[in-house]
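Chemist: take a look and give me a structure for this.
(one chain, ligands or ions: 2)
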Amino acid sequence: MILIENYWDQLADVKDELASRGWFPGTSGNLSIKVDENPRRFLVTASGIDKTKRTEEDFILVDQQGQPVYQTELRVSAETSLHCQVYEQTDAGCCLHIHTVDNNVISELYAEQGYITFRNQELIKAFGIWDQDGEITLPIIENHANMELLTQAFAQAISAESYGVLIRNHGITVWGKDAFTAKKHLEAFEFLCSYELKLRQFA
Ligand SMILES: CSCCC(=O)C(=O)COP(=O)(O)O
Ligand SMILES: [Zn+2]
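Modeler: Ligands and ions are numbered 1, 2, ... in the order given. Now for the predicted structure:
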């Protein structure tokens, strides 16, 4: 038996923790967690809510097309289609999206290149890469107001080994096999983005 409450609490805890770091400015950001694969169902944040507050209306159960499973007055996140793509194309169990100044500045600095590769960093091990010369590449896509275009670009950028996509002057979407791993990947990407920015200030 699947206990949705258990997944709800896991996602609410991650939301609280990311909120405590100021990672949801201006109601930005959205989170989801998969509760079943056959058929695929996941909880996703309601759109436009204050993600620093914990309420009983924070999440909506949706199907693999991102449509609410039960009748609701709430709107699903405007970016639910990106979460749908992550669950469609990877074996992720949780997907997190945040806007920070650091990930936005990195997205702008490396937009023309279309990716940023992080190397020579201990924290690359957070992605399960333990080689001496390990590196991880984060693809960067253009931001489109049109969600169909954005979803298309996002879908093309997803790769199972990258665990994230950076959207130019928008934010980062990161995933992992479960809530713990998705949060670990998100923290690692944010660390790597911040480090890169600080280093460039001294270079
Ligand atoms: C106010 S932020 C603009 C929308 C956005 O990028 C975001 O992450 C939040 O959208 P949602 O519909 O999930 O609240
Ligand atoms: Zn966003």
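
Chemist: from ligand 1, how far out is the closest residue in space to T90 that isn't next to it in sequence?
Modeler: Take T90 and drop its neighbours on the chain: the residue closest to it by C-beta to C-beta, 6 or more residues apart in numbering is A160, 5.2 Å away. Backbone N, C-alpha and C define where each C-beta goes, glycine included. To ligand 1, A160 is 23 Å away according to C-beta to the nearest ligand atom, to the nearest Å.

Chemist: isn't A160 right up against V86?
Modeler: No: the criterion here is C-beta atoms under 8 Å, and A160 misses it with V86 at 10.3 Å.

Chemist: looking at these two, which one has more neighbours?
Modeler: V86 (27 against 10; other C-beta atoms under 10 Å).

Chemist: pLDDT score assigned to the more buried one?
Modeler: Looking at V86, its pLDDT is 98.

Chemist: quick check: which element contains it?
Modeler: helix 80-89 (DSSP states H and E).

Chemist: just checking, what packs against that helix?
Modeler: The contact analysis (3 or more C-beta pairs under 8 Å, 6 or more residues apart in numbering; DSSP states H and E) places helix 80-89 against strand 30-37, strand 40-45, strand 94-98, helix 147-157, strand 171-176.

Chemist: out of the ones you listed, which comes closest to ligand 1?
Modeler: Evaluated with C-beta to the nearest ligand atom, those place strand 30-37 nearest to ligand 1, the distance being 3.5 Å.

Chemist: and the closest one, what's buried?
Modeler: Neighbour counts using 16 or more other C-beta atoms under 10 Å place N30, L31, S32, I33, K34, V35 of strand 30-37 among the buried residues.

Chemist: contact partners for the fourth one?
Modeler: Going back to what we said before, that points to I33. Y7, Q10, L11, F42, L43, G93, C94, C95, A179 (C-beta atoms under 8 Å, 6 or more residues apart in numbering).

Chemist: and the buried residues of strand 30-37 as JSON lines, adding distance to C193?
Modeler: Converted to JSON lines, these look like this (distance: C-beta to C-beta, whole Å):
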{"residue": "N30", "distance to C193": "19"}
{"residue": "L31", "distance to C193": "19"}
{"residue": "S32", "distance to C193": "22"}
{"residue": "I33", "distance to C193": "24"}
{"residue": "K34", "distance to C193": "26"}
{"residue": "V35", "distance to C193": "30"}
